[in-house]
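Q: let's see this in three dimensions:
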Amino acid sequence: MNDRRRNEEREALIAGDRAGALTPDEAADLALLADVLADPSSWADPGGGLEDSVVAAVLDAPAEAPSPPRRAARRDESRRRRMLLGAVGIAAAIAIVVGLVVATRGSGSGPDFTATLNATALAPGSRASADVTRTPAGFRITLDAHRLPALRPGQYYQAWLKNDAGVLVPVGTFSSSDGQVTLWSGVSPKNFPTITVTIELTDNDQSSSGRRVLVGEVHAG
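A: Residues are numbered from 1 along each chain as shown. As a prediction, the model looks like this:
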């Protein structure tokens, strides 16, 4: 596995539930943080006396070549300030990295809801499973479908959540007939516990075609 692939995995792990919803600036910061985590020196044990060593190094730093007293004093003060700021920056970076790693590990408790989807007569032999995770942006649905019928030109798959009154809420479209896709819902599966997948046409009709290929019930994880 190459370094870039490893970094992508680190970025996904750190981002957690916000993966795919980051701003460009946040994505750039995330990539930088992944590079820091990949550097073995970031994890080197600094030892218990790091703070004392930094302060001692600042206080014992040799003076520069003789110069007018006022200018030399300003240079010394500036140098001490830069060194102290550098030490504080390193400590802050380590604290941020450790905090993110701990938070990420703590959030890996699994999906909030799960579902097993069974095939209908329109898609014999097909099957799928779904994991639903609550996030600040809504409910992320990871649908893992297998052996769905190949689509014809002008067709696509549409996933829905349905409540007991039969109200349908669209949660995303996809075209893969065999693989994992990510969908999003603005309503809770607790109130819309049925998940279905239909075959739709690009006909400007936003209602369900009723051509269901997968049906399942969502349960608390």
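
Q: after the lowest-mean-pLDDT helix or strand in the chain, next one along is what?
A: Sorted by mean pLDDT, DSSP states H and E, the helices and strands of the chain end with helix 69-107, the least confident at a mean of 52. Using DSSP states H and E, the next helix or strand after helix 69-107 towards the C-terminus is strand 113-119.

Q: list the helices and strands the following helix or strand past that following strand packs on?
A: Using DSSP H and E, the helix or strand that follows strand 113-119 in sequence is strand 127-135. Secondary-structure packing of strand 127-135 (3 or more Cβ pairs under 8 Å, 6 or more residues apart in numbering; DSSP states H and E): strand 113-119, strand 138-146, strand 212-220. All C-beta spots, glycine's among them, are computed from the backbone N, C-alpha and C.

Q: give the pairing partners of strand 127-135; include direction for each.
A: With DSSP bridges as the test, strand 127-135 is paired with strand 113-119 (antiparallel), strand 138-146 (antiparallel).

Q: and it, C-alpha only, in PDB?
A: What follows is strand 127-135 as a C-alpha-only set of coordinates in PDB (Å, rounded to 0.1, in the frame of the first residue of the first chain):
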ATOM      1  CA  ARG A 127     -29.400  -8.600  -1.900                       C
ATOM      2  CA  ALA A 128     -28.100  -5.700   0.100                       C
ATOM      3  CA  SER A 129     -27.300  -4.500   3.600                       C
ATOM      4  CA  ALA A 130     -27.300  -1.000   5.000                       C
ATOM      5  CA  ASP A 131     -25.600   0.700   7.900                       C
ATOM      6  CA  VAL A 132     -27.100   4.000   9.000                       C
ATOM      7  CA  THR A 133     -25.100   6.500  11.200                       C
ATOM      8  CA  ARG A 134     -26.400   9.600  12.800                       C
ATOM      9  CA  THR A 135     -24.200  12.700  12.000                       C
END
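
Q: which parts of that strand are buried?
A: Arg127, Ala128, Ala130, Asp131, Val132, Thr133 (16 or more other Cβ atoms under 10 Å).

Q: and that strand, what's its mean pLDDT?
A: Mean pLDDT, strand 127-135: 97.

Q: domains of the protein?
A: With domains defined by automatic domain parsing, the chain comprises 3-107, 113-220.

Q: now render the helices and strands packed on strand 127-135 as CSV, adding mean neighbour count and mean pLDDT.
A: Output for those, formatted as CSV (neighbours: other Cβ atoms under 10 Å; pLDDT from 0 to 100):
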stretch, mean neighbour count, mean pLDDT
strand 113-119, 18, 98
strand 138-146, 20, 97
strand 212-220, 18, 97
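
Q: which one of these lies closest to Gln158?
A: strand 212-220 (10.1 Å; Cβ to Cβ).

Q: strand partners of that closest one, parallel vs antiparallel please.
A: Looking at strand 212-220 with DSSP bridges, its partner strands are strand 113-119 (antiparallel), strand 194-201 (antiparallel).

Q: could I get those as TSV with distance to Phe174?
A: Shown next, in TSV, are the strands paired with strand 212-220 (distance: least, Cβ to Cβ, whole Å):
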stretch	distance to Phe174
strand 113-119	14
strand 194-201	9
